[in-house]
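Novice: This is the structure alone, sequence omitted:
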């Protein structure tokens, strides 16, 4: 299944404030409009993380307008999980919830164990380094799973 780009992908994590918004933004950067991409969290109790915004800005990605949302809010707004070809869980809690919510649907749920950078580092620079590592882990896993970037100029957009 490596190299196959699904028609629609949902990335999910705990709060939809760091990992899943980064994944959504990277997917759009690397693959353009080839797939419909969204993100969600188990909870939406946090706003988009400032360090996530900063490390995405380094790649030319605007993340500051992202609004966190939960699986529950997706349902309330009419975004049915059955409309996605693939759900990619980036945390253990989101994997559990995605599997619970998709039991009656025929869609794939993949688990990508991506590091949570939120508690790492004491200084701004060490925190940024942890967030960059998370961003780069997601990017590497994405390219491994979906193949080479399909948008001109996106292939060289790695770490700053």
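Specialist: It's in. Predicted, not measured: the structure shown is a model, and the values here were computed from it. Numbers count the residues shown, from 1 in each chain.
Novice: Which other helices and strands does the helix or strand of the chain with the lowest mean pLDDT contact?
Specialist: Here the helix or strand of the chain ranked lowest by mean pLDDT, DSSP states H and E is helix 71-76, holding a mean of 86. Here helix 71-76 touches strand 36-41, helix 92-101, going by 3 or more CB pairs under 8 Å, 6 or more residues apart in numbering; DSSP states H and E. C-beta here means a position set from N, CA and C on the backbone, and glycine is covered the same way.
Novice: after that helix comes which helix or strand?
Specialist: Sequence order places strand 86-89 as the next helix or strand after helix 71-76, per DSSP states H and E.
Novice: who touches that next one?
Specialist: By CB atoms under 8 Å, 6 or more residues apart in numbering, the residues outside strand 86-89 that reach it are 6, 8-13, 23, 81, 95, 98, 102, 107-112.
Novice: Weed out the non-buried ones from the residues you listed.
Specialist: Buried members of the contacts of strand 86-89, scored by 16 or more other CB atoms under 10 Å, are 6, 9-13, 23, 81, 95, 98, 102, 107, 109, 111-112.
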